[in-house]
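Student: Build me a model from this:
(chains A and B)
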2 protein chains.
Amino acid sequence: MVRHIVLLRWTETATEQQKQDAEKAFHSLPEKVSQIQKLVCGADLALTPGAHDFAAVLDFASADDWRAYQAHEAHKAMIAEYLAPILAERSVIQFDV
Amino acid sequence: MVRHIVLLRWTETATEQQKQDAEKAFHSLPEKVSQIQKLVCGADLALTPGAHDFAAVLDFASADDWRAYQAHEAHKAMIAEYLAPILAERSVIQFDV
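Tutor: Sure, this is the predicted structure:
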């Protein structure tokens, strides 16, 4: 299984509504992108200073399925509409689990 | 459940042996720190440029259990011996799953 993790830091001007809409957009992805086997995501709990603001963890059966997700229109549209306008920083990785 | 994710970027001078030892050190934590309910970790698959080098995902029953982990001697010792010498960058978050 390939696990894709993205940690996001929002801009200072991002509104609560925009942040919630981004979370909803992530949750809507599995019904649009069949290659997503599992998706969990959520906002930081503010337990430690300097943490990122949001995390999404997506599991795929293979690297090819991850590539299909990367190229998928629903994924690109979600980034353009919900993430790009409020994104300050992005940390990402893919690893085997 | 509280999920703790840490994404690490190693220094240029980190050796393969040091990176493998760091991974082994992560895997040894659950037997030393009872609050860890689950731990998965691994090296980046090099599917995309700019990704971090290593990810660890740890699950805890509560924020208090996460705090106990943060304060645990085994956790501190692992950081000092295996991570600090080869660590260039660290992205972290805790969120509810």
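Student: what does stretch A:81-91 contact?
Tutor: By C-beta atoms under 8 Å, 6 or more residues apart in numbering or on different chains, the surrounding residues in contact with stretch A:81-91 are A:6-15, A:18-19, A:21-22, A:25, A:52, B:7, B:52, B:91. In short, each C-beta sits where N, CA and C put it, glycine included.
Student: Helix or strand for the spatially most central residue of chain A, just tell me which one.
Tutor: By C-alpha atoms, centre = their mean, chain A has its centre lying nearest to A:Ala56, at 4.2 Å. Element membership for A:Ala56, per DSSP states H and E: strand A:54-60.
Student: follow-up on the earlier one: any idea how far chain B is from the residue nearest to the centre of chain A?
Tutor: For A:Ala56, the distance to chain B (C-beta to the nearest C-beta, to the nearest Å) stands at 10 Å.
Student: check contacts around that residue.
Tutor: Under the criterion of C-beta under 8 Å, 6+ apart, the neighbours of A:Ala56 are A:Ile5, A:Val6, A:Leu8, A:Phe26, A:Leu39, A:Val40, A:Cys41.
Student: Tell me which helix or strand A:Arg3 sits in.
Tutor: Using DSSP H and E, A:Arg3 sits within strand A:2-10.
Student: any idea which helix or strand comes after that strand?
Tutor: helix A:16-32.
Student: List the contacts of that following helix.
Tutor: Taking C-beta under 8 Å, 6+ apart as the rule, helix A:16-32 contacts A:10, A:36, A:38-39, A:41-43, A:53-54, A:56, A:58, A:72, A:74-75, A:78, A:81-83, A:85-86.
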